[in-house]
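K.L.:
here is a sequence together with a model predicted from it:
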Amino acid sequence: MTLDPHFDDAPSVGEGRRAVREGLGVALATSAYGISFGALAVTAGLDVWQTCVLSLVMFTGGSQFAFVGIVGAGGLAAVPAAIASAALLGVRNVAYGIRMSPVIGAGLWRRAAAAQFTIDESTAVALAQRSPHARTLGFWVTGIGIYIGWNLSTLAGALLGDVLGDVRAYGLDAAAAAAFLALLWPRLRARQPIVVGVAAAVVATVLTPVLMPGLPVIIAALVAIVVGWTNWLGEDDRVESEPDDVAEREGLP
């Protein structure tokens, strides 16, 4: 019996294509959100070039919105608080970097380049894939796609400025959340992931009105880690929710 030498590659190719499609879809949705940031930044008092540099260098939406929101409310006197809030929100990227290290691989230049693209969306798309190749594709396609799209849409939003009026009226503030939900939904196949997501969401929702920007996200992440680590609902759920190669690496049956 003759076996097709390309047969074993078919699942990997299909998973790679799916990762690229998901990455491009998330990049498109998230990039649209950059128009909102550009317009809000100009409204807060930044000029077009300051707004664009912020996206080029900082490149983390939550931190950027926290920064311009506080500056817009308090002016120059609020800059230290704005920097602190942006830094708090950026702390989560350190955890993402640790988790994405096996996906990115070795090499100084590769890791240095990946640091700029290690954000919520690229991490989520990568970890939603089942094979190492697909995870790598998902990470780079999403990260680079969002970086390009985010900066272009930031420039467009900053140039349009007040012409758009209230950018939230266009629903752009919901684009990133919708993309996250689309990624999260297929992974909610067992009780444990559902409990982790619900616990983190409830904590973030309750704390957002009473704490400074950045803290609710970090506290919710800690709650998710505690709930996930303790695996309150049993080992079987954890096994179901992990991709095969991740389960093997962690010694799961």
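P.N.:
Great, that's in hand. Numbering: from 1, shown residues only.

K.L.:
the closest residue to Ile104 other than its chain neighbours is in what secondary structure piece?
P.N.:
Of all residues beyond its chain neighbours, the one nearest Ile104 is Ala114 (4.5 Å), with distances taken as Cβ to Cβ, 6 or more residues apart in numbering. From N, CA and C alone the C-beta is placed, and that goes for glycine too. Counting by DSSP states H and E, the secondary-structure element that holds Ala114 is helix 108-117.

K.L.:
for the protein, what helix or strand is lowest in average pLDDT?
P.N.:
With mean pLDDT, DSSP states H and E as the measure, the helix or strand of the chain carrying the lowest mean pLDDT is helix 235-241 (a mean of 44).

K.L.:
low-confidence ranges in the stretch 101-250 of the chain?
P.N.:
Low-confidence segments of the stretch 101-250 of the chain, defined by pLDDT under 70, span residues 162, 164-187, 212-215, 217, 228, 231-250.

K.L.:
just the helices in it please.
P.N.:
Listed in chain order, the helices of the stretch 101-250 of the chain (DSSP state H, counting those that start in this stretch) span residues 108-117, 120-127, 132-160, 175-184, 191-207, 215-230, 235-241, 244-249.

K.L.:
buried deepest among these, which one?
P.N.:
Among the helices of the stretch 101-250 of the chain, ranked by average contacts under mean count of other Cβ atoms under 10 Å, first place goes to helix 120-127 (a mean of 24).

K.L.:
to Arg99, which of the helices of the stretch 101-250 of the chain lies closest?
P.N.:
Each of the helices of the stretch 101-250 of the chain was scored for nearness to Arg99 using Cβ to Cβ, and the closest is helix 120-127 (6.8 Å).

K.L.:
could you find the closest non-adjacent residue to Ala158?
P.N.:
Closest residue to Ala158 in three dimensions, ignoring its sequence neighbours and counting by Cβ to Cβ, 6+ apart: Gly38, at 3.9 Å.
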